[in-house]
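Student: Any chance you could fold what I've pasted below:
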Amino acid sequence: MRDVANGDVELTLAGPVEGVQYRELGGAAYFVKGAFDRLAAALILLVLAIPMTIITIAVKLSSPGPVLVRQIRVGRFGRPFTFYKFRSMRNDAEQIRDELELDNNHDTPLIFKIRRDPRITRFGGLLRRTSLDELPNLFNVLRGEMSLVGPRPPLPREVAHYNPHHMQRLAATPGITGLWQIRGRSELEFDEMVALDLEYIDRWSLWLDLAILLQTPFAVANGRGAW
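Tutor: As a prediction, this is how the structure comes out:
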């Protein structure tokens, strides 16, 4: 892996990271998972076309900047991809990130989260509390880069600090929701998130995905960790 600590550097990975033994997660059931994800994502996008159009207009009117944020994220086996979400922060959020390092609520460079992040716009705060900022992730699902359920895709700067144990969470296709979503989100420490991701990989089945999907609306409504 090339140096990716700055987060803006494109990864050179094209397959499993050398020296990391990933847990097995494949077979016919995992193929069915991918097919179900794409079909469901297409249907959800059709149903939510009008609400997403309204959000697009609201983001554009609420603050200067693009409607969508495009970031390089790290997917399954370390493959980089372009991640889409509705912009919930000021347009200069990345430029002033370094100034806020000391405000990080997690005592590790592996997660950067601020409970009252001054970069979040007023409308962006609403999008984050309701997880509506993540709806464009559905386009990543259509492209096969993400799943409806799985570990959240990390930034390259975060993966630059991973050890081989942490790399194991990259054995699964990253997801829009997952065990981390229904058990605390940003309230979780990094090691807790990794433990949940590895639990998901160990226990994975189509039924587990369905159970997580059914619990996700309640977790979103509860709002725990939505910051």
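Student: Give me the spatial nearest neighbour of Thr177, chain neighbours excluded.
Tutor: Thr216 (4.5 Å; Cβ to Cβ, 6 or more residues apart in numbering). From N, CA and C alone the C-beta is placed, and that goes for glycine too.
Student: So for the helix or strand hosting that neighbour, mean pLDDT?
Tutor: Here Thr216 is covered by helix 206-222, with elements defined by DSSP states H and E. On average, the pLDDT along helix 206-222 is 92.
Student: circling back: contacting residues for the residue nearest to Thr177?
Tutor: By Cβ atoms under 8 Å, 6 or more residues apart in numbering, the contact list for Thr216 reads 177, 181-182.
Student: mind putting the residues you listed in TSV, distance to Arg152 and secondary structure included?
Tutor: Formatted as TSV, those follow (distance: Cβ to Cβ, whole Å; DSSP: H, G, I helix; E, B strand; the rest coil):
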residue	distance to Arg152	secondary structure
Thr177	9	strand
Gln181	8	helix
Ile182	13	helix
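Student: So which of those is the closest to Gly144?
Tutor: Of all these, Gly144 sits closest to Thr177, with 17.4 Å by Cβ to Cβ.
Student: got the contacts of Thr216 as a markdown table, with neighbour count columns?
Tutor: Below are these laid out as a markdown table (neighbours: other Cβ atoms under 10 Å):
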| residue | neighbour count |
| --- | --- |
| Thr177 | 24 |
| Gln181 | 24 |
| Ile182 | 21 |
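Student: what ranges do the helices span in the chain?
Tutor: Per DSSP state H, the chain carries helices over the ranges 27-47, 49-62, 122-130, 137-142, 156-159, 164-167, 179-182, 190-203, 206-222.
Student: Give me the helices and strands touching the longest one, please.
Tutor: Under the contact definition 3 or more Cβ pairs under 8 Å, 6 or more residues apart in numbering; DSSP states H and E, helix 27-47 sits against helix 137-142, strand 147-149, helix 206-222.
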